[in-house]
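In: Build me a model:
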Amino acid sequence: MHITDILKQNKPSFSFEFFPPKTSEGASALFNTIKQLESYRPSFVSVTYHAGNSAKDLTHDLVIKIKNSTSLDPIPHLICAGQTVEQISGIVERYAKSGVSNILALAGDPSKNLPEDPGNQKRFKWAAELVTFIKAFNETGQHPDPKGFGIGIAGFPEGHPRTPNRLLEMDYLKAKADAGADYICTQLFFDNRDFYDFCERCEIAGIHIPIIAGLMPVTSLSSLNRMAELAGGSRFPAPLLKAINRCKGDAEAIERVGIQYATQQCHDLLNNDVSGIHFYTLNRSLATREIYANLGFKPVQE
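Out: Numbering: from 1, shown residues only. The predicted structure is shown next:
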């Protein structure tokens, strides 16, 4: 289903993000997670992407498997970094032929493992260029849905780590929105005031598409450190850090603190009419299921 229809039917939307596992054990664990979360009937799920032929195929294969073997609506990430326009065109055509309805268009971080760019092949540098390309593809009529692909873009409530100029950051976001994006999904954040400020700055900039809040509960000290690496510039509010420190390294206590903190974020977002909440699951279901329970939501019984 096109994302505009999804967001009209689901207000607020709830969604999950997965990443393609590289081993058979990881794949088995992921589909156990998917099976556990499928009964919560998320509005959609997204699948991350990294440049490189093997990772590209892993993403595509996971997206198609989710689409064909579950009731979930998968949205693949697609990035500019490490890809030629020809490669991106091939990926978009494959997704269209497979009936995938939506794409999240990202600039992406260049991988250190990629071969050196010979410089003689056309590439996109900015996510806005990728949005424009997908929008133009939609107009060719090659997608089975007359609307073509729904297009998502990323937003950064705490600021983009590579764009310290916050005014310029909003110019870049406006360019992506104006190129034809249908919604924004934000990077994770821990202080809802950052999210509300981001939404207000979008209004000021003339960006009027739905904004979905991205959340990732802290479940361990290692996950805290991983978040700091994955989302450069993330702010961990003092109240959260104090609560974690009071656990004195107790793993179960830290997980409870993280789940409770994320639950409070969700309550506040829902009370302020957020368009949607997107959970970064790290391919695990427990924290997300606990948050759902705390919010009063139950899985749907078949």
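In: right, and His2 touches Ile103 too?
Out: No: at 11.3 Å, His2 does not count as touching Ile103 under the criterion of Cβ atoms under 8 Å. Just so you know, the C-beta spots here come from the backbone N, C-alpha and C atoms, and that holds for glycine as well.
In: Comparing these two, which shows the higher neighbour count?
Out: The residue with more neighbours, out of His2 and Ile103, is Ile103; 27 against 19, by other Cβ atoms under 10 Å.
In: ok, now which ones touch Gly148?
Out: Ile134, Lys135, Phe137, Asn138, Glu139 (Cβ atoms under 8 Å, 6 or more residues apart in numbering).
In: Filter the residues you listed down to the buried ones.
Out: Ile134, Lys135, Phe137, Asn138 (16 or more other Cβ atoms under 10 Å).
In: can you put the residues you listed in CSV and add distance to Tyr292?
Out: Shown next, in CSV, are the buried ones among the contacts of Gly148 (distance: Cβ to Cβ, whole Å):
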residue, distance to Tyr292
Ile134, 32
Lys135, 35
Phe137, 36
Asn138, 34
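In: I'd like to know which elements whichever strand or helix holds Ile88 is packed against.
Out: Ile88 is located in helix 85-97, with elements delineated by DSSP states H and E. Counting contacts by 3 or more Cβ pairs under 8 Å, 6 or more residues apart in numbering; DSSP states H and E, helix 85-97 packs against helix 53-69, strand 74-79, helix 127-138.
In: run the last query once more with 10 Å
Out: If you count contacts as 3 or more Cβ pairs under 10 Å, 6 or more residues apart in numbering; DSSP states H and E, helix 85-97 packs onto helix 53-69, strand 74-79, strand 102-106, helix 127-138.
In: ok, and what's touching it?
Out: 49, 51, 53, 56, 59-60, 63-64, 67, 74, 76, 78-80, 83-84, 100-103, 105, 121-124, 129-130, 133-134, 137-138, 140, 142-145, 148-149 (Cβ atoms under 10 Å, 6 or more residues apart in numbering).
In: Check for me that Phe195 belongs to a strand.
Out: No: with DSSP: H, G, I helix; E, B strand; the rest coil as the criterion, Phe195 is helix rather than part of a strand.
In: so where do the helices sit in the protein?
Out: For the chain, applying DSSP state H gives helices covering 3-9, 24-38, 53-69, 85-97, 127-138, 166-178, 192-205, 221-230, 238-246, 251-271, 286-295.
In: hmm, who's touching the third one?
Out: Okay, so that is helix 53-69. Applying Cβ under 10 Å, 6+ apart, the set of residues contacting helix 53-69 is 18-22, 27, 30-31, 34, 38, 45-50, 52, 72-79, 82-83, 87, 90-91, 94-95, 98-101, 103, 111, 113.
In: Fine by me, thanks again.
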